[in-house]
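K.L.:
need coordinates for the following:
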Amino acid sequence: MVRCFPKSTVVYSGSLLALLLCAAILVAPALVQAQQSRAVESAPTSRPPEAAATGPAYESEYCEVLYRFNSEKKVTDPEIRTRFEGQYNQADDPQRLRTWSVETACGEFLVAVPMWADVSPPVLEHRGGNTFEDSMGTTWEFQVGADGVVTGVTMSASDGGVSELQHWGDPHEKLNGKHMKDWEGSAQ
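P.N.:
This is a model prediction of the structure:
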């Protein structure tokens, strides 16, 4: 005979199965409560839906990161951004293995995308005139010809290394040596 008294002692007289059943009845509520408290502690903390709706909308996670952590590096003048956009490469690299593509990202940031590596591109911060600086301390000094067209860039790294790159044009204007006037409506 087994009698279970909650928050009391168990009087045992009989089978082991009855004893285990009684123990389960007494312990189960405590286990459920412990499991519920752990679930509450480990629940992910997220913004409530109303907070998410009031924040700015970003076109991608990459843009959200740019705006959150690099907002001081925005180049708000579109003429400055478009003036320096294009592909830059060394003259002794005809296969374009070390090409940088300077382009506008997320509408307001000038980034330098290394075309040979799958890495996050450095954001170029405008320092005035034709000078920019990236987060690694490299200074990008763009050369502009007498006609106002960018001819190249000198990259001076913080460790003393210097690279001279030529402007190879806008990647959106030429394809296989042919000038593409209008990409709209054409099947590529």
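K.L.:
ok, the nearest residue to residue 108 once chain neighbours are set aside to residue 84 distance?
P.N.:
What sits nearest to residue 108 in space, not counting adjacent residues and going by Cβ to Cβ, 6 or more residues apart in numbering, is residue 74, at 4.3 Å. From N, CA and C alone the C-beta is placed, and that goes for glycine too. As judged by Cβ to Cβ, to the nearest Å, residue 74 and residue 84 stand 14 Å apart.
K.L.:
these two: who's more crowded?
P.N.:
residue 84 (23 against 18; other Cβ atoms under 10 Å).
K.L.:
tell me the contacts of residue 110?
P.N.:
Counting by Cβ atoms under 8 Å, 6 or more residues apart in numbering, residue 110 makes contact with 75, 80, 81, 84, 85, 102, 103, 104, 123, 124, 126, 132.
K.L.:
separation between residue 67 and residue 106?
P.N.:
7 Å.
K.L.:
also residue 159?
P.N.:
Taken as Cβ to Cβ, the span from residue 159 to residue 106 is 29 Å.
K.L.:
who does residue 126 bridge with?
P.N.:
residue 132 (DSSP bridges).
K.L.:
my read: it touches residue 79, true?
P.N.:
No - applying Cβ atoms under 8 Å, one finds residue 126 not in contact with residue 79, separated by 11.9 Å.
K.L.:
who's more crowded, these two?
P.N.:
Using other Cβ under 10 Å as the criterion, residue 126 and residue 79 rank with residue 126 on top: 19 against 7.
K.L.:
give me the distance between that one and residue 80.
P.N.:
Taken as Cβ to Cβ, the span from residue 126 to residue 80 is 7 Å.
K.L.:
could you list the domains of this protein?
P.N.:
Taking automatic domain parsing as the reference, the chain has its domains at 3-42, 71-178.
K.L.:
what comes up buried for stretch 115-131?
P.N.:
121, 122, 123, 124, 125, 126, 130 (16 or more other Cβ atoms under 10 Å).
K.L.:
again with stretch 156-175
P.N.:
Neighbour-count burial for stretch 156-175 [16+ other Cβ under 10 Å]: 165, 166, 167, 168.
K.L.:
secondary structure element holding the nearest residue to the last one once chain neighbours are set aside?
P.N.:
Right, residue 168. Nearest residue to residue 168 in three dimensions, chain neighbours excluded: residue 87, at 4.5 Å (Cβ to Cβ, 6+ apart). In this assignment (DSSP states H and E), residue 87 forms part of strand 86-89.
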